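Q: build me a model from this:
(one chain, ligands or ions: 1)
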Amino acid sequence: MEKEEKGITVKKADDFSEWYSQLIQKAQLADVRFGIQGFIVHRPWGFKIIKKIYEYLEEEVENQEHDPMLFPIAVKEESLMKEKEHAGFSPEVFWVTHAGSKKLEERFALRPTGETQIYPVYSLWFRSHKDLPFKAYQSRHTVFRNEMTTRPFLRGREFAFFETHNVYNTHKEALDQIKLDLKTCDEVIRKKAKIPFLYFKRPAWDKFKGADNTFTPDTIMPDGKRNQLASTHDLGTNFAEAYDIRVTDEKEKKKYVWQTCFGPGVWRIMAAIIAIHGDDKGLIVPFDMAPKQVVIIPIIFKNKTAKEVMNYIKIIEKKIAKADFKVIVDSSDNKPGFKFNHWELFGVPLRIEVGPKEVADKKVTIARRTDGNKTTVKATDIIKEIKKQAKELDSQIWKNAQKNFDHNTRDAKTLDDVKKIMKTHRGFIRIPFCSVDKDGEECAEILKAETQGGNICGTLYPKPEQVSKNDKCAVCKKQAKEIVYVAKSY
Ligand SMILES: [Zn+2]
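A: Presented below is the predicted three-dimensional model:
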C-alpha cells in the first residue's frame, strides 16, 4: 500500500478534468507512466471492473447465440485499402514494416477495428443460405489507432475492445439484431453499470462509413460532453459487396448477405462509471461491479482488546466470504481514519467497523459509500443487512446519475439560442433541424463552427420526436423535418 496516499485534491465540480486524472491515478485504475504516449497500463483494481463489463457483455451476446472467436492482431494491407472509403481508418493505423532488421515483403497494419480483417475471411466461410445466420464476437482484445490526443478510458492509441460481427440472409434479421444490440446496452450499461443514456440514430454524415445506419447510446459526462457508449451498425450489403460475401439462395442463385456489427465501448463505459458515479472522495461503483464489496476495519483503542476484535472479525469475514461477497480486512497499521479515506477513494461499497463495543454487543456497524449512512445490526443478521445495503447503494447510484442526466437537456429554436445556452449549460440541446440526410450536413457544419464543436448527435431512436408545422431549422430556417440533439463530444 502506498503510505503517502492523499485523497483527491480538487473538487469534481470545480475542475472535472483534473479530478478525473487524479482519481484514475490515486484509485489505481490505470497507470499513464508506461512511456509510450497513448498506451496505458490497466492496473488490477481498474481491470477488475473492466473484466466485469466484459463478463456482462459476453453473457448477453451469448444468450443471443453469438459464439466467441478471435482474429489475429494484424490486418492485410490489401484488405484495409479495399475498404478505404468504407471503414475509413487507413490514415489512423499503425504499420508493422520490419521484423528484426529485415524489411517485411508485405507490411501489415495493427487492427483499428474488426471489419477489414474479419470480412475477407467471412467470404471463405459461407456458401449456402443454410450456413446463416452466423453470429460471432471477439472480446477482451485491443485495437490500435494513432490518436493525437489521448485520455485514459476515453481515447487511446491502444484500447479495450468488444465486437460482434453477424451475417444474415435477410435485412429484417439484421434489423432485429440491431434491436437486440440496443437491449444489450440496456442490460449492461443502464441496468448493471447504472449509466443513463439516450439512443440516437446518427445523422447520415456521422454514421460509420460502411454502414447504412448507425445507432448509439450516448450519455453526458460531468463536463457536459457527450460520451458515445456503444454503436451498432446496419451494414446493409455494403461490406458483402466489397469483400464478396455471397451465399446461394433457395433457387441456387448467388446473393449478397446482410450484416450487422456491434461495438460496445468497454473503455467508454468504464469512463462513464468513473466520471458519473464518482465523488470528491473518490470512486463509486455499483455493488456487483466492485473489485471488493465489503471492507472490514478493526477499531482498536487498546491493545488489550485487539486480539478479541481480530478474532471476532475473522468470524465475520468468513461468514461474508461464504455468502460469496468479495470481502477484505484492512489489518494494516494505519489509523482508522486513514483506512476510511483509503477505501472510500477506492470505492468499496460497504465498510464494516468492528471495535470492542461491537464485540461486546455481538454487533457490527455498516457504513455505505454513497452517503456515509451508518447502521448497527446484530452479527447474526449481517448477510441480510449487506444485501439490503447493497440494494440501497445501487438505487442511490442510479438516482444520482439519473438526476444529473435529467437536467441535461435544454430546448432551443435558433442558432443564437444554442450559442447562448452553450455558454452556461453543458449537455444536450434539443433543436428543430432541416434534415439528417446528406442535405443537412451543411447546417451541421455551420452549427459546429458557430458553437466551437457542437455536434448533431442525431434523432431519438426508436421513436424520433415529431416536429410541428411552425418548426424551422435552427440554422437555415427552412421547414424542420427532425428534432435533433446537439452536444459537444470527446
Ligand atoms: Zn438547416
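Q: tell me the pLDDT of residue 87.
A: Residue 87 carries a pLDDT value of 56.
Q: around the residue lying closest to residue 369 once chain neighbours are set aside, how many other residues sit close by?
A: Spatially, and ignoring its direct neighbours in sequence, residue 369 is nearest to residue 349 (5.0 Å; CB to CB, 6 or more residues apart in numbering). Just so you know, the C-beta spots here come from the backbone N, C-alpha and C atoms, and that holds for glycine as well. Residue crowding around residue 349 was assessed by other CB atoms under 10 Å; the count is 28.
Q: dump the residue contacts of residue 349.
A: 284-285, 287, 290, 293-294, 368-370, 389-390, 393 (CB atoms under 8 Å, 6 or more residues apart in numbering).
Q: rerun at 6 Å
A: Contacts for residue 349 (CB atoms under 6 Å, 6 or more residues apart in numbering) come out as 287, 290, 293, 369, 393.
Q: for residue 126, same thing?
A: By CB under 6 Å, 6+ apart, the contact list for residue 126 reads residue 247.
Q: out of the contacts of residue 349, which are close to the ion?
A: Among the contacts of residue 349, none lies close to the ion by the criterion of CB under 5 Å from the ion.
Q: most neighbours out of these, which is it?
A: residue 369 (28 neighbours).
Q: distance check, it against residue 111.
A: Distance of residue 369 to residue 111, given as CB to CB, to the nearest Å: 38 Å.
Q: then residue 370?
A: Counting by CB to CB, the separation of residue 370 from residue 111 is 40 Å.
Q: between these two, which is the more surrounded one?
A: Remark: of residue 370 and residue 111, residue 111 carries more neighbours, 26 against 18, as counted by other CB under 10 Å.
Q: so that one versus the ion, what's the distance?
A: Relative to the ion, residue 111 is positioned 38 Å away (CB to the ion, to the nearest Å).
Q: name all residues that make contact with that residue.
A: Neighbour list for residue 111: 75, 117, 143 [criterion: CB under 6 Å, 6+ apart].
Q: same check on residue 136?
A: Residue 136 touches 66-67, 69, counting by CB under 6 Å, 6+ apart.
Q: which stretches of this structure form helices?
A: Here the chain has its helices, by DSSP state H, at 16-26, 44-63, 77-82, 84-87, 115-125, 171-185, 238-243, 266-272, 303-322, 336-345, 356-361, 382-406, 415-424, 441-450.
Q: output the below-cut-off pLDDT ranges for the stretch 1-150 of the chain.
A: By pLDDT under 70, the weakly predicted segments of the stretch 1-150 of the chain are 1-5, 83-90.
Q: ok, residue 167 touching residue 134?
A: Yes. Look at residue 167 against residue 134 with CB atoms under 6 Å: they come within range, at 4.4 Å.
Q: between the two, point out the one with more neighbours.
A: Under the neighbour definition other CB under 10 Å, residue 167 and residue 134 were set side by side, and residue 167 has more, 25 against 17.
Q: what is the more buried one paired to in the beta sheet?
A: Taking DSSP bridges as the rule, residue 167 bridges to residue 134, residue 259.
Q: which phi and psi does whatever residue of the stretch 201-350 of the chain ends up closest to the ion have?
A: Shortest the stretch 201-350 of the chain-to-the ion distance, computed as CB to the ion: residue-wise this is residue 203, at 11.6 Å. Dihedral pair for residue 203: phi -60, psi 160, per degrees, to the nearest 10.
Q: wait, what's in contact with it?
A: In this structure, residue 203 makes contact with 436, 456, 458, judged by CB under 6 Å, 6+ apart.
Q: give me that answer again for 7 Å
A: Applying CB atoms under 7 Å, 6 or more residues apart in numbering to residue 203 gives the contacts 436, 440, 444, 456, 458.
Q: likewise for residue 162?
A: Taking CB under 7 Å, 6+ apart, one finds 54, 57, 139, 263-264, 266 in contact with residue 162.
Q: the same query, at a cut-off of 10 Å, please.
A: When contacts are counted by CB atoms under 10 Å, 6 or more residues apart in numbering, residue 162 touches 53-54, 57-58, 61, 137-141, 230, 262-267, 269.
Q: correct me, but residue 489 touches residue 229?
A: No. The pair residue 489 / residue 229 is not scored as a contact, 11.8 Å apart, by CB atoms under 10 Å.
Q: thinking residue 477 is in contact with residue 434, fair?
A: Yes. Using CB under 10 Å, residue 477 makes contact with residue 434 at a distance of 8.7 Å.
Q: these two: who's more crowded?
A: Neighbours were tallied for residue 477 and for residue 434 using other CB under 10 Å; the higher tally belongs to residue 434 (22 against 13).
Q: pLDDT score assigned to the more buried one?
A: If you check residue 434, the pLDDT there is 97.
Q: and the nearest residue to it once chain neighbours are set aside, how many neighbours?
A: Using CB to CB, 6+ apart and skipping the chain neighbours, the partner closest in space to residue 434 is residue 473 (3.7 Å). Counted by other CB under 10 Å, the residues lying close to residue 473 total 24.
Q: same check, this time on residue 25
A: Counted by other CB under 10 Å, the residues lying close to residue 25 total 16.
Q: can you name the residues that contact it?
A: If you count contacts by CB under 10 Å, 6+ apart, residue 25 has them with 8, 31-33, 43, 152.
Q: dump the residue contacts of the residue in the stretch 51-200 of the chain that the ion sits nearest to.
A: Of all residues in the stretch 51-200 of the chain, residue 200 sits closest to the ion, at 18.1 Å by CB to the ion. By CB under 10 Å, 6+ apart, the contact list for residue 200 reads 206, 214-218, 226, 228, 231, 428, 436, 456-461, 464, 484-485.
Q: name the residues linked to it by a beta bridge.
A: Note on residue 200: beta-bridge partners residue 216, residue 460, judged by DSSP bridges.
Q: what's the spacing between the residue of the chain most remote from its centre and residue 356?
A: Distance from the C-alpha centroid of the chain peaks at residue 304, with 49.2 Å (CA atoms, centre = their mean). Look at residue 304 and residue 356: by CB to CB, they are 9 Å apart.
Q: ditto for residue 374
A: Taking CB to CB as the measure, residue 374 and residue 356 are separated by 17 Å.
Q: okay, those two: which has more neighbours?
A: Set residue 374 next to residue 356 and count neighbours by other CB under 10 Å: residue 356 wins out with 18 against 11.
Q: how about that one, nearest residue that isn't a chain neighbour?
A: Nearest residue to residue 356 in three dimensions, chain neighbours excluded: residue 305, at 4.3 Å (CB to CB, 6+ apart).
Q: and that neighbour, what does it touch?
A: 298-299, 312, 355-357, 359-360.
Q: returning to that earlier point: between residue 477 and residue 434, which contacts overlap?
A: With CB under 10 Å, 6+ apart, residue 477 and residue 434 have common neighbours residue 443.
Q: separate out the buried members of the contacts of residue 162.
A: The neighbour count (16 or more other CB atoms under 10 Å) marks 53-54, 57-58, 61, 137-140, 230, 262-267, 269 as buried among these.
Q: got JSON lines for the contacts of residue 349, with distance to residue 19 and pLDDT too?
A: What follows is the contacts of residue 349, written out as JSON lines (distance: CB to CB, whole Å; pLDDT from 0 to 100):
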{"residue": "287", "distance to residue 19": "23", "pLDDT": "98"}
{"residue": "290", "distance to residue 19": "20", "pLDDT": "98"}
{"residue": "293", "distance to residue 19": "24", "pLDDT": "98"}
{"residue": "369", "distance to residue 19": "17", "pLDDT": "98"}
{"residue": "393", "distance to residue 19": "21", "pLDDT": "98"}
